[in-house]
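1. Would you be able to build a 3D model of this:
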Amino acid sequence: MAYIERAITDVLKNRVKSSKCVLVTGARQVGKSTVIRHEFPGFNRANFDDRLTRLQAREEPRLFFLNHPCPLFIDEVQKESGVLEEIKMIVDESDQRGRFLLSGSQKLELMKGISESLAGRVSVSELLGLSLREIHGIRFNRHFIPTEAYIQEREKEMKPYPDIWQTIHKGSYPELYDVERDWQEYYSSYVSTYLERDVNELISSDGITFTKFLTAVAARTGDMLNYANIAGEVGVSEPTIRNWISILERTGIVYLLQPYSPSALNRAIRTPKIYFRDTGLACYLTRWLTADALKFSAVAGNLFETFVVSEILKSYANEGKDYKFNIFYYRGKDKRAASENEIDLIIEENGVLYPIEIKMTGNPRASMAAANTVLDKIPGKIRGMGVILCLIDRKTYLRENLVALPVEYI
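-> Numbers count the residues shown, from 1 in each chain. Below is the predicted model:
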């Protein structure tokens with residue numbers, strides 16, 4: 001299997017040098033174990049997918065650490081999070097850096113244990129699926145921000161992406177790019193092996209209801225989250241759906257994009273939007289079995305938006321940056337407007353708000369960004385360059401403060 005260089009590698013190496021303990025989170029199969037094994041060959045390894053290894057760590061922790069000395073990589077550490085207390089004692093005994101590398105795919109349960117046991121002792125990184133930059137071997141590793149400086153730097157290392165719909169349909173799990181693997185067979189195995197085992201273990205529903213739930217959520221990727229609507233379709237209660245969505249979020253299957261709703265925008269909608277992290281998985285669950293069928297389908301716009309949002313989040317995570325408090329969307333109704341205004345994404349950085357529209361078109365128009373002016377109402381903030389990310393073939397300025405960019409610029 002060919003190893004695909006991951007953009008987060010330098011971030012991880014720097015954090016291992018400067019921290020006693022490093023945690024890598026991310027969904028199953030995004031490549032956490034592979035990148036750690038490949039880039040840190042000097043680390044010993046313990047895998048908590050193995051029941052006997054977990055049993056020893058639980059019942060005889062001191063013996064476990066004698067058999068697995070530092071530097072140590074513990075894979076799927078959330079399966080036996082009680083070991084974190086022992087790790088705390090070990091790292092507190094020495095000032096040595098780079099003693100532990102941990103990986104986990106159940107983010108919030110794991111973070112709860114870490115906040116109680118390893119607060120101030122661990123550096124956390126998030127690994128997502130392969131980005132377009134990684135797939136095409138592009139070394140540029142700055143987070144997407146539509147400034148002139150970013151655009152000029154990005155243009156120094158540009159490659160055309162020959163068929164974006166093939167990538168959207170294929171998804172971003174590394175194994176699909178490492179070896180020749182049948183697409184349907186891979187995702188069928190992923191659902192049955194990982195989702196039904198790991199996620200359904202947390203949800204504790206029957207297999208048919210769980211699959212129905214996954215399909216209902218996948219069909220709504222790119223939409224505002226309506227718990228009652230999903231509950232009605234799946235046939236369970238709304239509180240149950242809220243709990244299940246929370247589990248999908250913390251296991252890295254979906255992302256909830258929060259609304260931008262400062263007090264100055266008192267008519268802003270405060271409901272999050274839901275996005276599948278991997279478009280290939282969303283296509284499999286909703287039965288879009290070929291890239292051509294997807295491209296001309298009624299859901300193409302939502303999947304294109306899901307893909308672009310995911311690529312932007314990857315650009316932040318791969319640079320080691322937290323995006324949760326930087327990226328939002330806006331939807332609301334101004335008193336003077338006949339209909340609701342919407343901005344697909346708002347990136348906030350250093351007091352500047354950058355409005356971004358995501359359009360599945362090769363013919364962008366300035367009117368597509370008409371809602372951007374709503375950001376001028378917010379005191380203490382400046383509206384920056386507006387962007388339409390679309391299927392245009394070259395950078396095109398539509399106004400002095402509005403530019404249409406191909407997705408290659410992400």
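2. Please count neighbours and contacts with C-alpha atoms only from this point.
-> Will do.
3. measure stretch 154-162 end to end?
-> 18 Å (CA to CA, to the nearest Å).
4. So for it, what gets flagged as buried?
-> Arg154 (16 or more other CA atoms under 10 Å).
5. Report the distance from it to the chain centre.
-> Stretch 154-162 sits 22 Å away from the centroid of its parent chain (CA atoms, centre = their mean, to the nearest Å).
6. Can you name the residues in contact with it?
-> His136, Ile138, Arg139, Phe140, Glu408, Tyr409 (CA atoms under 8 Å, 6 or more residues apart in numbering).
7. Contact partners for Leu257?
-> Per CA under 8 Å, 6+ apart, neighbours of Leu257: Pro272, Lys273, Ile274, Tyr275, Ile327, Phe328, Tyr329.
8. Adding neighbour count, write these out as TSV.
-> Below are those laid out as TSV (neighbours: other CA atoms under 10 Å):
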residue	neighbour count
Pro272	19
Lys273	19
Ile274	23
Tyr275	29
Ile327	21
Phe328	22
Tyr329	23
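9. ok, those vs Pro174, which is closest?
-> Tyr275 (19.8 Å; CA to CA).
10. Could you point out which residue ranges in the stretch 151-300 of the chain have low pLDDT?
-> Filtered on pLDDT under 70, the stretch 151-300 of the chain yields the residue ranges 196, 200-201, 263-268.
11. need the helices for it, in chain order.
-> Here the stretch 151-300 of the chain has its helices, by DSSP state H, counting those that start in this stretch, at 164-170, 175-178, 183-190, 200-203, 207-218, 227-234, 238-250, 279-285, 291-295, 300-317.
12. Can you show me the CA trace of the fifth one as CSV?
-> Looking back up the chat, that one is helix 207-218. Output of helix 207-218 as CSV, limited to C-alpha atoms (Å, rounded to 0.1, in the frame of the first residue of the first chain):
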residue,chain,number,x,y,z
GLY,A,207,-29.8,-2.6,13.1
ILE,A,208,-32.7,-1.7,10.9
THR,A,209,-33.6,1.4,12.9
PHE,A,210,-30.0,2.5,13.1
THR,A,211,-29.5,2.2,9.3
LYS,A,212,-32.8,4.1,8.7
PHE,A,213,-31.5,6.8,11.0
LEU,A,214,-28.1,7.1,9.2
THR,A,215,-29.9,7.3,5.8
ALA,A,216,-32.3,10.0,7.0
VAL,A,217,-29.4,12.1,8.3
ALA,A,218,-27.3,11.6,5.1
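13. returning to what we had before: between the helices of the stretch 151-300 of the chain, which one is nearest to Ile8?
-> Each of the helices of the stretch 151-300 of the chain has some distance to Ile8 by CA to CA; the shortest is helix 300-317, at 7.6 Å.
14. returning to that earlier point: any chance of the helices of the stretch 151-300 of the chain in CSV, plus distance to Tyr260?
-> Shown next, in CSV, are those (distance: least, CA to CA, whole Å):
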stretch, distance to Tyr260
helix 164-170, 27
helix 175-178, 36
helix 183-190, 34
helix 200-203, 30
helix 207-218, 23
helix 227-234, 20
helix 238-250, 19
helix 279-285, 24
helix 291-295, 30
helix 300-317, 16
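15. Give the buried subset of the contacts of stretch 154-162 as a PyMOL selection command.
-> A single PyMOL command selects the buried members of the contacts of stretch 154-162 (16+ other CA under 10 Å):
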select buried, resi 140+408+409
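16. which phi and psi does Asp376 have?
-> Backbone torsions for Asp376, taken as degrees, to the nearest 10, come to phi -70, psi -20.
17. how about the helices of the stretch 151-300 of the chain, which one is nearest Cys70?
-> helix 300-317 (26.9 Å).
18. Which SSE is immediately downstream of the closest one?
-> strand 327-332 (DSSP states H and E).
19. can I have that next one written out in CSV, keeping just the CAs?
-> Extracted in CSV, the C-alpha atoms of strand 327-332 (Å, rounded to 0.1, in the frame of the first residue of the first chain):
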residue,chain,number,x,y,z
ILE,A,327,-16.6,29.3,11.0
PHE,A,328,-20.4,29.9,11.0
TYR,A,329,-23.3,30.3,8.6
TYR,A,330,-26.0,33.0,8.6
ARG,A,331,-29.7,32.9,7.8
GLY,A,332,-32.2,35.5,8.8
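20. Break the protein into its domains for me.
-> 9-126, 132-409 (automatic domain parsing).
21. For the one helix or strand Leu23 maps to, which strands pair with it and how are they oriented?
-> Here Leu23 is covered by strand 21-25, with elements defined by DSSP H and E. If you go by DSSP bridges, strand 21-25 pairs up with strand 100-104 (parallel), strand 122-126 (parallel).
22. So what touches the first one?
-> This means strand 100-104. Here strand 100-104 has contacts from 16, 20-26, 32-33, 70-78, 110, using CA under 8 Å, 6+ apart.
23. Same check on stretch 11-21?
-> 22, 91, 95-102, 121-123, 125, 318-320.
24. Going by neighbour count, which residues in it are buried?
-> Leu12, Arg15, Val16, Ser19, Lys20, Cys21.
25. which one among the residues you listed gets closest to Ile253?
-> Nearest to Ile253 out of these is Leu12 (CA to CA; 22.6 Å).
26. how far off strand 327-332 does the biggest strand by length in the chain point, in degrees?
-> Determined from DSSP state E, the single longest strand within the chain is strand 341-349. Using axes from the mean of the first three to the mean of the last three CA atoms, to 10 degrees, one finds that strand 341-349 and strand 327-332 are set 150 degrees apart in direction.
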